[in-house]
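Undergrad: coordinates only, sequence not included:
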């Protein structure tokens, strides 16, 4: 289950890229913010009341893409892959929209 949160309490890193604009993912509470990298539009949430995740599109990233960021403490690639699939399902995103995921470059 996905629950929106106001802010992250953990550092997150990119784990998947979706070939859809962030506005089309159907997330509520999209907001424009900035961090040390750039301005972005997105939101943050908890998956199953324990794993913090962000869904963002940074101003400098390719158009019509959205990146899924997951708590950097998650290191097991198979577990990350399972989390991505669960997020896609929860957000009603077809797996065909998945453009890139961590298991394609586990060393990153």
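TA: Yep, that arrived. Bear in mind the structure is a predicted one, so any value in this text is a computation, not a measurement.

Undergrad: each with direction, which strands does the helix or strand bottoming out on mean pLDDT in the chain pair with?
TA: None of the helices or strands of the chain scores lower by mean pLDDT, DSSP states H and E than strand 31-34, at a mean of 87. Using DSSP bridges, strand 31-34 pairs in its sheet with strand 39-47 (antiparallel).

Undergrad: what residues sit buried inside the partner strand?
TA: For strand 39-47, the buried set under the neighbour-count rule, 16 or more other C-beta atoms under 10 Å, comprises 40, 41, 42, 43, 44, 45, 46, 47. (Each C-beta comes from the backbone N, C-alpha and C, glycine too.)

Undergrad: now, which of those residues sits nearest residue 88?
TA: If you rank the buried residues of strand 39-47 by distance to residue 88 using C-beta to C-beta, residue 47 comes first, at 11.5 Å.

Undergrad: circling back: of all the buried residues of strand 39-47, which comes closest to residue 78?
TA: Closest to residue 78 out of the buried residues of strand 39-47 is residue 47 (16.3 Å), distances taken as C-beta to C-beta.

Undergrad: please name the residues that touch that closest one.
TA: Residues in contact with residue 47 (C-beta atoms under 8 Å, 6 or more residues apart in numbering) are 1, 2, 53, 83, 86, 87, 90.

Undergrad: mind checking how far it is from residue 38?
TA: Distance of residue 47 to residue 38, computed by C-beta to C-beta, to the nearest Å: 25 Å.

Undergrad: so how far is the least confident helix or strand of the chain off the chain centroid?
TA: Computed by C-alpha atoms, centre = their mean, to the nearest Å, the separation of strand 31-34 from the middle of its chain amounts to 15 Å.

Undergrad: secondary structure element holding residue 78?
TA: helix 77-90 (DSSP states H and E).
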